[in-house]
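> Dropping a prediction and its sequence here:
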Amino acid sequence: MMRVVKAMVYGACLFLCNYVVNRIPFHCIRLLYYRKVMRFEIGAGSHVLMGVIFDAPRKFSMGKNSVLTRGCKIGNRGGIRIGNNVSVAEEAFILAGDHDPNDPFFPSRFAPVVIEDHAFIGSRALILKGVCVGRGAVVGAGAVVHKTVNAHEIVAGNPAKPIGERNPDLRYEIHYGPWFQ
């Protein structure tokens, strides 16, 4: 019986997170829910804009002055850690899990995703399980990243391939947090 009750509470928390809370146009209210109910670790000055979808409570942390913009999908059942001053553009997917297509029972597989300080993830990029996006790296819009991206590397395409290097002198802080988004 307790198992059923726990499953119902878990489901209700996720439902509220993804279909009610993420539509509230006040970041401070969403942030309160994410920190207190979902138990996410979200640093000072960071923002989760409207429409972001999460897969699970806990297993998500984001450093200071980082931002997840509208419509991102965060598959955090395997754990996702985002550093300081990271910008994740609209409708990016970060997935810390998948399924084994060769197993007859199609089980879930998980591996954490790490996005280090000053990285930028472009719109509609897809970051897959077990990937580390290095400090200051840039993932181009629409890229599909299935392996580690080195520090200051710029990648694009499907599958993502290196196309350049970013200046390693990164001193900026992200202060993007619109009032009603």
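Perfect, I can see it now.

> C-alpha only now, for contacts and for neighbours.
Will do.

> pretty sure D98 is in a strand, no?
Yes - assigned with DSSP: H, G, I helix; E, B strand; the rest coil, D98 falls within a strand.

> can you tell me how far it sits from N167?
34 Å (C-alpha to C-alpha, to the nearest Å).

> Between these two, which is the more surrounded one?
The residue with more neighbours, out of D98 and N167, is D98; 16 against 9, by other C-alpha atoms under 10 Å.

> Name the residues that touch the lowest-mean-pLDDT helix or strand in the chain?
When each helix and strand of the chain is scored by mean pLDDT, DSSP states H and E, helix 2-19 comes last, with a mean of 91. Applying C-alpha atoms under 8 Å, 6 or more residues apart in numbering, the external contacts of helix 2-19 come out as Y33, Y34, V37, M38, G51, V52, I53, F54, D55, A56, P57.

> out of the residues you listed, what pair is the most spread apart?
Greatest spatial distance among the contacts of helix 2-19 (C-alpha to C-alpha): V37 and G51, at 17.5 Å.

> center of the chain - which residue?
By C-alpha atoms, centre = their mean, the chain has its centre lying nearest to I74, at 4.5 Å.

> and the next element down the chain from whichever strand or helix holds that one?
Under the criterion of DSSP states H and E, I74 resides in strand 73-75. Next along the chain after strand 73-75, taking DSSP H and E as the criterion, comes strand 80-82.

> what's that following strand packed up against?
When contacts are defined as 3 or more C-alpha pairs under 8 Å, 6 or more residues apart in numbering; DSSP states H and E, strand 80-82 packs onto strand 60-62, strand 113-115.

> quick one: which of the ones you listed is nearest I42?
strand 60-62 (4.8 Å).

> Other residues contacting the closest one?
With C-alpha under 8 Å, 6+ apart as the contact definition, strand 60-62 has outside contacts at F40, E41, I42, G43, S46, N76, G79, I80, R81, I82, G83, N84.

> I'd like those residues written out as a markdown table, with pLDDT and neighbour count added.
Compiled in a markdown table, those are given as follows (pLDDT from 0 to 100; neighbours: other C-alpha atoms under 10 Å):
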| residue | pLDDT | neighbour count |
| --- | --- | --- |
| F40 | 98 | 19 |
| E41 | 98 | 17 |
| I42 | 98 | 21 |
| G43 | 98 | 16 |
| S46 | 96 | 24 |
| N76 | 97 | 26 |
| G79 | 98 | 22 |
| I80 | 98 | 24 |
| R81 | 98 | 17 |
| I82 | 98 | 26 |
| G83 | 98 | 22 |
| N84 | 98 | 23 |
